[in-house]
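1. Below is the structure, and that's it, no one-letter string:
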């Protein structure tokens, strides 16, 4: 049985507390323990915050974890909980903790963030580098119960990823939710001939949409067989994938996207993933692709 924990990264902020509540419900749903972690610098003296000299008090001395413990004290129906305090900056510490976790959950912005920016450096670092799926919870308070009964996945029609699809099907199955698969295709697309570029006929958009749907269905077939209880809707839409996914997040309990594949001189998060994380209306899960993922377990 998979006993890897769900990690909730807290920082004492209101958004971090909302992410903690989402992590509690996720751990209960998965039958997993919950590990509540706080990463912070311990300066050995005033003015040495940026130095490498740290004092490392235990979790009992961490004021953020003390407040979390107090808030959860006496509360029933919680998963098994452990606490951990780690010295260092969150953007360096947190991604390293994902190697033995089934999922990491954190708020989109914590303390010190600009209100106009939805996603902070810690969220970007975890989403781009952690070895486990990372769920970023936006500022809008997530409900304790999923109100829509819908999980959305953004499917890269040109290079669909099994780890991302498995994660989305599994989460939909756990919630008893339907799965909406959104795949985008380029439109309008130019047609190049020796005479130059020709306009594309309107009926070709229907052909392109059907081809995108067929590619998605071929990829989804083994996942449908593994999760026959999940009702699946495939939506092939022309144009901007990020725009379609952000729109779909407004009526979803969770949106699932894959991490960008590693390329030389390229960040791990692609433009679509970045855009969804910046604008999503619901919790967004970024799943490491197969080449650098922790093995998926049911």
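-> Cool, the structure landed. Every value quoted in this text rests on a predicted model; they were computed, and no experiment measured them.
2. okay, CA-based contacts and neighbour counts for the rest of this
-> OK.
3. Three-state assignment for residue 29, please.
-> helix (DSSP: H, G, I helix; E, B strand; the rest coil).
4. quick one, helices of the stretch 151-298 of the chain?
-> 162-175, 203-226, 241-249, 271-279 (DSSP state H, counting those that start in this stretch).
5. For these, please prepare CSV with the additional fields mean pLDDT.
-> Formatted as CSV, the helices of the stretch 151-298 of the chain follow (pLDDT from 0 to 100):
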stretch, mean pLDDT
helix 162-175, 96
helix 203-226, 89
helix 241-249, 94
helix 271-279, 88
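6. Turn the ones you listed into CSV, columns for distance to residue 184 and mean neighbour count.
-> Compiled in CSV, the helices of the stretch 151-298 of the chain are given as follows (distance: least, C-alpha to C-alpha, whole Å; neighbours: other C-alpha atoms under 10 Å):
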stretch, distance to residue 184, mean neighbour count
helix 162-175, 16, 21
helix 203-226, 8, 15
helix 241-249, 5, 21
helix 271-279, 11, 21
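7. Quick one, which of those helices gets closest to residue 38.
-> helix 271-279 (22.0 Å; C-alpha to C-alpha).
8. Check the offset of that closest one from the chain's centre.
-> For helix 271-279, the separation from the chain centroid amounts to 11 Å (computed by C-alpha atoms, centre = their mean, to the nearest Å).
9. next one: stretch 228-248
-> Distance, centroid of stretch 228-248 to centroid of chain: 16 Å (C-alpha atoms, centre = their mean).
10. same deal with stretch 124-142?
-> Mean-position distance between stretch 124-142 and its chain equals 5 Å (C-alpha atoms, centre = their mean).
11. what pLDDT, on average, does that stretch get?
-> The average pLDDT within stretch 124-142 is 86.
12. So which bits of that stretch are buried?
-> Within stretch 124-142, the residues scored as buried using 16 or more other C-alpha atoms under 10 Å are 124-139, 141-142.
13. Kindly state the domain boundaries assigned to the chain.
-> 1-142, 146-298 (automatic domain parsing).
14. ok, back up a step: can you redo the helices of the stretch 151-298 of the chain as JSON lines with distance to residue 257?
-> Shown next, in JSON lines, are the helices of the stretch 151-298 of the chain (distance: least, C-alpha to C-alpha, whole Å):
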{"stretch": "helix 162-175", "distance to residue 257": "7"}
{"stretch": "helix 203-226", "distance to residue 257": "15"}
{"stretch": "helix 241-249", "distance to residue 257": "9"}
{"stretch": "helix 271-279", "distance to residue 257": "7"}
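15. and of those, who's closest to residue 98?
-> helix 162-175 (15.8 Å).
16. Touching that closest one from outside, list them.
-> 29-30, 146, 149-153, 155, 178-179, 220, 223, 227, 229-230, 256-258, 287-290, 293, 296, 298 (C-alpha atoms under 8 Å, 6 or more residues apart in numbering).
17. Out of those residues, which end up buried?
-> The buried subset of these - by 16+ other C-alpha under 10 Å - is 30, 149-153, 155, 178-179, 220, 223, 230, 256-258, 287-290, 293.
18. So which of the residues you listed are in strands?
-> Of the positions in the buried ones among the contacts of helix 162-175, 150, 151, 152, 153, 178, 179, 256, 257, 258, 287 sit in strands, assigned by DSSP state E.
19. check contacts around the third one.
-> Contacts were defined as C-alpha under 8 Å, 6+ apart; by that measure residue 152 touches 168, 179, 180, 181, 182, 245, 248, 249, 252, 254, 255, 256.
20. Verify the contact between the third one and residue 155 for me.
-> Think residue 180. No. Look at residue 180 against residue 155 with C-alpha atoms under 8 Å: they stay out of range, at 10.0 Å.
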